[in-house]
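S.K.: Sequence and predicted structure are below.
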Amino acid sequence: MIKKILIANRGEIAVRIIRACREMNIRAAVVFSDVDRTAMHVRMADEAYALGGNTAAESYLRQDKILEIAGRARVDAIHPGYGFLSENPSFAEEVERAEIIFIGPPAAAIRALGDKTAARKVADRLQIPTVPGTNNPIERETDVFALADTIGYPLLLKAAAGGGGKGMRVVKAKDELSNALRIARSEAKSAFGDERIYVEKFIERPRHVEIQILADRSGNTVYLGERECSIQRRHQKVMEESPSPVVDAQLRKVMGEAATRLVRSVGYTNAGTVEFLIDAHGKFYFLEVNTRLQVEHPVTETVTGIDLVKEQIRIADGIPLSFSQSGIVANGHAIECRICAEDPENSFFPSTGRLARYVVPQGPRVRTDNGFAEGDAITMFYDPLMAKVITWGSSRIEAIEAMRRALSEFLIHGVKSTIPFCQFVLNDEDFRKGIFDTRYVDEHFDFRKLRPNKPQEEIAAALAAVLLNRKVRVQAERQDANHNGVHSRWRRMKLDSYQ
Amino acid sequence: MIKKILIANRGEIAVRIIRACREMNIRAAVVFSDVDRTAMHVRMADEAYALGGNTAAESYLRQDKILEIAGRARVDAIHPGYGFLSENPSFAEEVERAEIIFIGPPAAAIRALGDKTAARKVADRLQIPTVPGTNNPIERETDVFALADTIGYPLLLKAAAGGGGKGMRVVKAKDELSNALRIARSEAKSAFGDERIYVEKFIERPRHVEIQILADRSGNTVYLGERECSIQRRHQKVMEESPSPVVDAQLRKVMGEAATRLVRSVGYTNAGTVEFLIDAHGKFYFLEVNTRLQVEHPVTETVTGIDLVKEQIRIADGIPLSFSQSGIVANGHAIECRICAEDPENSFFPSTGRLARYVVPQGPRVRTDNGFAEGDAITMFYDPLMAKVITWGSSRIEAIEAMRRALSEFLIHGVKSTIPFCQFVLNDEDFRKGIFDTRYVDEHFDFRKLRPNKPQEEIAAALAAVLLNRKVRVQAERQDANHNGVHSRWRRMKLDSYQ
Amino acid sequence: MAKDETGFIPMNPNQYLASFGTSVYTVTLLDDNRARIDDEIYLFDLAETGQGQVSLKLNDAVFEISAIQHEDDSEDHLLHVRVNGNLYDGRVEDHQALLKRNALQRGQRSTSDQTVRAPMPGKVLRIEVSAGDPVAAGSGLIVLEAMKMENEIKSMIAGSVKTILVDAGRAVEKGEPLIVIEPG
Amino acid sequence: MAKDETGFIPMNPNQYLASFGTSVYTVTLLDDNRARIDDEIYLFDLAETGQGQVSLKLNDAVFEISAIQHEDDSEDHLLHVRVNGNLYDGRVEDHQALLKRNALQRGQRSTSDQTVRAPMPGKVLRIEVSAGDPVAAGSGLIVLEAMKMENEIKSMIAGSVKTILVDAGRAVEKGEPLIVIEPG
């Protein structure tokens, strides 16, 4: 039985897993880099082990150190979270070789589905529709050009080892291809250490919809409905919801069963996500499998009432699922906003700094999965995700209004954040009607509309600034006066002593 | 249509109502006493109006000022919250006379059910079982003694105008009666300005179970299941849950229908709660009606998904309920802990002070309805309730484990709180099995068991205290050294200048 | 871990007595990251967080700690230490403090009269005892009204009422002495 | 509310210019709770909260406000003011500051060269322009790598590249000048 878990991650997801451990009376051990010595995941853990270093490569990606610590700490299992080592099949293998439970799918299943090219082959074999394109990474530029002519533009270039939209490039026309290919390869190399690229048809107006699955070690596989993840910036998700405004019960069943069939075929266990695109005609295409917990898992938890992290731990411990497909009922609507340290007024550039003020929302229908506290620093070393806000409503519009309310309470001072962007989306009529696709940011978003249009607030800002300015000046004058006072006294003392 | 609401309350419930207003795009105006100028409900409101004074009588109970402000602020409606003016029928009347909507039942319904004696008469007429006792307040001590002999001991003395357990006294035997009567009258007078007392049979091993109802202005009345509120200290609820471990579907229906019949009979609208006792044999007795929102309303919201505050506002605005009795489905289990500034090691005495540290729990399955922030003061003027933590689980035990986790994150430094008491209860085997009644605190609770039994934490406390002690000493020495340094420099300067 | 502390004075300036509940720990700081606590040596690392708290690593275990001085109890320098949210009350005495305490204890008769203080601000409603009355542990002494409730303050020890320091009707501050009980 | 601020210097030491976005407010503090903002008189009450914020009452409306000085932009004393969670960037100038600014503007040629700064710490991957190159508003200048992403920094104005201050491969700090663009 799992009594102690090593969490090989940081930030909000490490905190999320610690909380699940607490509720299951499991001891939580964590690892940390030098800058993370006082990070929230360390503060909340039961045990903490230094990795040294600061960059991901020096710390959270160091398989050797993590395995050594797991042995020393005598943990029963390792939870990799998302990112870092979570989808690395050789790490999963090494963990299992050390007779420690890897909280995730078997290495073979990661290998079979984690690589996009391999996963597409499986899907093709099972006759699950895929996006037209290559099943193999293409090495030579001339081959890319030849294929492009077959499929037709626009094209999408994707890193074979990528994920979360990293290393993706759209190529609109032939004359952009050569340059785009170079950048995509360079990014893929720097992000994943693997510059292989593959090429596919770019689906226009696609919605990104994914199916959450759970598979236990007794052969039960279920799907937990879908997540709509079309609101993306830089090809990365920033707002997600469940259910999707375009998925009805019939489509949910077809996609859910396709996802189940896919993971079953490779002996998959634990949690996983099968990503699809849905085009303007409601046709879906298999995209890839994320063989791990997703960032956006809370929206599924919120509507189904099923705790995915606890289920991951139970499955890894050999416990069968306590519910069947028919027992999974989605209730109401959930939305998530990712609160990232980025500047939406400046192309979502990362924003670093110290959190001078950091107040997270509270109250009804709000869940905040958060990895930082006031006074903490946001460094350039890791992912800019600070927190996720999840709201629930009995209807989609109630969830949206709850999110508007929650974000109005979220106070961050010290770094820029995606909050104004999320507020823009929540106020946008098309979004509120459910009409959007993955091109939403390119087509709808105007950073000049981010600034709030509230004249009374601006007047209040002006007056408060004047009053604070005067206060600072008065204090400075008082200090000067005191200094003069000291000087005078000192002069007087000299006079007294020596005259 | 309601566009602006005046909230005639403070603390967590005022904040709760502000949040509902935000989500409904209604402007929220609040009132405040002198000490509350920077209280959370003022900070979060759109508009704020000074009442002056500090005690409740000087501020939040001043009907005249509140009505004057409501007129000046041109609000459409007043929400009274709980406590203060919420169950005062003449205030409701005055509000209506000023052509402002009172967000609560009509004055006549408050009058018919708000007084316990009147409410019992209604219940008797409808053949809803009540606890044996008097329907009228008893004035003369000799009459009390005579009645006591008829009913038999133990007896319960209750303030006619009381609520929330205030002004209640158990009398175990005849020789205690005279003294208890004196104290009960004095407390009733000081708390409610009404010293009338009534007398009833004290039900042994009773569980306090209450039914939430909603009634719109179109004649629809529904019940939203029950709340179990037997964990009480000083006859006041401190932990509540829904559903109750002792209420099955059949009993829920019978009690729910009794509650509905009762409120319907007096033309009740808006939210209300019908309180019952359930004895050891599962027999229920009508106790009283709270003609307002309850402190513990979030547990019902959490399992039903219905937002009671929003429904209150919609009903007051004349909008019919959007669901029928059969549409109300309870999902999973919710528990609430009241976090009060009280010392559970010292008879739950109120504890005042400044919140040097105040960190509320976050993350999955936790809702915190909170009225304070770090740096705020807890004064002696008002109710000691600081926050409510509500957790949800698919099972009762999952909700309990989530609450244990949540309370372990709730950090309060500066005042004592009920957190250690709640932790005691959450760890208690009888509570975990669902075996408890309103005598739980008297019979199970031992304040000497409140201190955590965690040797490693105590060692950590000792070492941290030593290290902080040394740091303070070193800093003090350094300051002394600096002072000496200044002196030396000053002496040197003198020497330089004048030798 | 509980030890008899009477008369024990550490001679090492890096040695401290930390009293928490019924336990008394002898803590010796060996260097910047090693301490001996009673008979065991621990590796430690104390890091301040941005929130005015500290994160203490003790061997591999990690604790989130914040400490404040008890406000209305300045006479004995009680520390409230929160470890992972749990409260530990205690005090720390170093070489100098212990020397001072020892000298004080020698110099004056150790009296154990107990001063009953107001646990909150409020109004004295009734005084239920008179000077000289015998009291049992747990028997009522005085009734305070605060936050709309009557709160009966009880004696923690058996003995007799030595002095009554307040009158009925009087408003009292938190921590204000109300009654002195002489044990016996 | 937007006014031409050129050359306007308040003669009253209680008068300030507050510039927020495209609006410039003339704020005169009349006494401790009255201010004239442009042509309107407001009753105000500023109260500090325990959290280092202020609660500002402006007539009957109430705003929760926190303000910090922009860290890496010390040259123009930009204030970040959060009102009810929304961000307002601006600056305040009093009598003295305005006199000083006016003197400065008379003394030196007003140059509007734009310095492009690093919006985050990172590594310069590529420089896409050379000195003298014409640039359009929105055209790419330099590619920074940070947080595992490539970030192309674009010109905000049309003009030409005056100076390139960094080399490819170089690590840069947040706010560090990268390129100077001459408008035109």
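M.R.: Yep, that arrived. Since the structure is predicted, the reported quantities are computational estimates derived from the model, not experimental observations.

S.K.: From one end of stretch C:142-162 to the other, what's the distance?
M.R.: This stretch, stretch C:142-162, spans 14 Å end to end (Cα to Cα, to the nearest Å).

S.K.: Actually, stretch A:154-172.
M.R.: Using Cα to Cα, one end of stretch A:154-172 lies 5 Å from the other.

S.K.: Figure out how far that stretch is from the centre of its chain.
M.R.: Distance, stretch centre to chain centre, for stretch A:154-172: 18 Å (Cα atoms, centre = their mean, to the nearest Å).

S.K.: same question, stretch A:29-37
M.R.: Computed by Cα atoms, centre = their mean, the separation of stretch A:29-37 from the middle of its chain amounts to 20 Å.

S.K.: in it, what counts as buried?
M.R.: A:Ala29, A:Val30, A:Val31, A:Phe32, A:Ser33, A:Val35, A:Asp36, A:Arg37 (16 or more other Cβ atoms under 10 Å in any protein chain shown). Where C-beta positions appear, they are placed from N, C-alpha and C, glycine not excepted.

S.K.: in chain C, what residue is nearest chain A?
M.R.: C:Gly50 (2.0 Å; Cβ to the nearest Cβ).

S.K.: is it true that that residue touches A:Gly353?
M.R.: No: C:Gly50 lies out of contact with A:Gly353 (Cβ atoms under 8 Å); the separation is 11.9 Å.

S.K.: Next one: A:Glu335 from B:Gln423, what distance?
M.R.: Heads up, residue A:335 is Ile, not Glu. Distance, A:Ile335 to B:Gln423, by Cβ to Cβ, to the nearest Å: 33 Å.

S.K.: more crowded one of the two?
M.R.: Each of A:Ile335 and B:Gln423 has its neighbours counted (other Cβ atoms under 10 Å in any protein chain shown); A:Ile335 has more, 25 against 21.

S.K.: who's that one bridged to?
M.R.: Taking DSSP bridges as the rule, A:Ile335 bridges to A:Glu241, A:Thr391.

S.K.: Leaving out sequence neighbours, find the closest residue to the residue of chain C closest to chain A.
M.R.: Nearest in space to C:Gly50, with sequence neighbours left out and distances taken as Cβ to Cβ, 6 or more residues apart in numbering or on different chains, is A:Gly375 at 2.0 Å.

S.K.: Any idea how many residues pack against that neighbour?
M.R.: Neighbours of A:Gly375 (other Cβ under 10 Å): 18.

S.K.: contacting residues for it?
M.R.: A:Arg354, A:Leu355, A:Tyr358, C:Thr49, C:Gly50, C:Gln51, C:Gly52 (Cβ atoms under 8 Å, 6 or more residues apart in numbering or on different chains).

S.K.: These in strands, which ones?
M.R.: Using DSSP state E, the subset of the contacts of A:Gly375 located in strands is A:Arg354, A:Tyr358.

S.K.: Closest one of the contacts of A:Gly375 to D:Ile153?
M.R.: A:Arg354 (23.5 Å; Cβ to Cβ).

S.K.: Give me the pLDDT value at that closest one.
M.R.: A:Arg354 is assigned 91 on the pLDDT scale.

S.K.: Which positions in the stretch 301-450 of chain A make contact with chain D?
M.R.: Counting by Cβ under 8 Å from any Cβ of the partner chain, the stretch 301-450 of chain A comes close to chain D at A:343, A:346-347, A:349-353, A:356-357, A:380-384, A:407-411, A:413-414, A:419-420.

S.K.: before we move on, what about chain C?
M.R.: Counting by Cβ under 8 Å from any Cβ, no residue of chain C lies close to chain D.

S.K.: The residue located most distally from the centre of chain C: what's it in contact with?
M.R.: No residue in chain C sits farther from the centre than C:Asp60, which is 30.0 Å out by Cα atoms, centre = their mean. By Cβ under 8 Å, 6+ apart, the residues touching C:Asp60 are A:Ala29, A:Glu47, A:Ala48, A:Tyr49, A:Ala73.

S.K.: Now tabulate those residues in JSON lines and tack on pLDDT and secondary structure.
M.R.: Below are the contacts of C:Asp60 laid out as JSON lines (pLDDT from 0 to 100; DSSP: H, G, I helix; E, B strand; the rest coil):
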{"residue": "A:Ala29", "pLDDT": "98", "secondary structure": "strand"}
{"residue": "A:Glu47", "pLDDT": "97", "secondary structure": "strand"}
{"residue": "A:Ala48", "pLDDT": "98", "secondary structure": "strand"}
{"residue": "A:Tyr49", "pLDDT": "98", "secondary structure": "strand"}
{"residue": "A:Ala73", "pLDDT": "97", "secondary structure": "coil"}
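
S.K.: Out of these, the closest to A:Cys229 would be?
M.R.: The closest of the contacts of C:Asp60 to A:Cys229 turns out to be A:Ala29 (Cβ to Cβ; 31.7 Å).

S.K.: Quick one: name the residues of the stretch 1-150 of chain A near chain D.
M.R.: Within the stretch 1-150 of chain A, the positions adjacent to chain D are A:Ala56 by Cβ under 8 Å from any Cβ.

S.K.: Tell me the residue of the stretch 1-150 of chain A that sits nearest chain D?
M.R.: Relative to chain D, the nearest point of the stretch 1-150 of chain A is A:Ala56 (7.8 Å; Cβ to the nearest Cβ).

S.K.: my guess is that residue meets A:Phe84, correct?
M.R.: Yes: A:Ala56 lies in contact with A:Phe84 (Cβ under 8 Å); the separation is 6.7 Å.

S.K.: neighbour count winner among these two?
M.R.: The neighbour count for A:Ala56 versus A:Phe84, taken as other Cβ under 10 Å, is higher for A:Phe84 (23 against 18).

S.K.: Now do the more buried one against chain B, distance only.
M.R.: 21 Å (Cβ to the nearest Cβ, to the nearest Å).

S.K.: per-residue confidence at that residue?
M.R.: Note on A:Phe84: pLDDT of 96.

S.K.: same deal with C:Arg106?
M.R.: C:Arg106 carries a pLDDT value of 56.

S.K.: ditto for A:His281
M.R.: The model's pLDDT for A:His281 equals 86.

S.K.: my read is it is in a strand, agree?
M.R.: No: secondary structure of A:His281 (DSSP: H, G, I helix; E, B strand; the rest coil): coil, not part of a strand.

S.K.: okay, now it: neighbour count?
M.R.: 6.

S.K.: Repeat that for C:Ala35.
M.R.: C:Ala35 has 23 neighbours, counted by other Cβ under 10 Å.

S.K.: contact partners of the helix or strand hosting C:Tyr42?
M.R.: Using DSSP states H and E, C:Tyr42 sits within strand C:40-48. With contacts defined as Cβ under 8 Å, 6+ apart, strand C:40-48 is touched by A:37-38, B:459, B:463-464, B:467, C:30, C:33-36, C:54-59.

S.K.: Just the buried residues of these.
M.R.: A:Arg37, A:Thr38, B:Ile459, B:Leu463, B:Ala464, B:Leu467, C:Ala35, C:Val54, C:Ser55, C:Leu56, C:Lys57, C:Leu58.

S.K.: so the fifth one sits in a helix?
M.R.: Yes: using three-state DSSP, the assignment for B:Ala464 is a helix.
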